[in-house]
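Peer 1: have a look at this fold, sequence not included:
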């Protein structure tokens, strides 16, 4: 049984790469990865789920840095960072960094798509 469920946007080249890495690192199979393109149901509005990473841990819905931290706690290599994020100050810093990433995400997605096209 999975300890954490993570919903992701398979249409986003950045998300695909991030999730592929997490899947490789999840040797214990503790994370269920749900492709939003194939999901029958979403716990919240689909648009909101596409805008930010969402995860459930212990029945709680988490978004942004908290969702990443839940995922990290299940991966031995990243567990220390996930545990550190239980501290509200650490989580606040991670969330600030995540929001900064979200502002850059459209440009980074465009770059990643062009890069993928040149590799074909």
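Peer 2: Sure thing, it's come through. Remember, it's a predicted structure, so these values are computed and weren't measured experimentally.
Peer 1: which ones are touching residue 18?
Peer 2: Each residue near residue 18 by CB atoms under 8 Å, 6 or more residues apart in numbering is listed here: residue 8. To be clear about C-beta, it is placed using only N, CA and C from the backbone, and glycine gets the same treatment.
Peer 1: measure it to residue 8 for me?
Peer 2: To residue 8, residue 18 is 8 Å away according to CB to CB, to the nearest Å.
Peer 1: report the longest helix in this structure, please.
Peer 2: Counting residues, the longest helix found in the chain (DSSP state H) is helix 88-119.
Peer 1: buried sites along that one?
Peer 2: Counting neighbours by 16 or more other CB atoms under 10 Å, one finds that the buried residues in helix 88-119 are 91, 94-95, 98, 109, 112.
Peer 1: can I get these in JSON lines including pLDDT and distance to residue 37?
Peer 2: Putting those into JSON lines (pLDDT from 0 to 100; distance: CB to CB, whole Å) gives the following:
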{"residue": "91", "pLDDT": "98", "distance to residue 37": "29"}
{"residue": "94", "pLDDT": "98", "distance to residue 37": "27"}
{"residue": "95", "pLDDT": "98", "distance to residue 37": "26"}
{"residue": "98", "pLDDT": "95", "distance to residue 37": "22"}
{"residue": "109", "pLDDT": "81", "distance to residue 37": "15"}
{"residue": "112", "pLDDT": "79", "distance to residue 37": "17"}
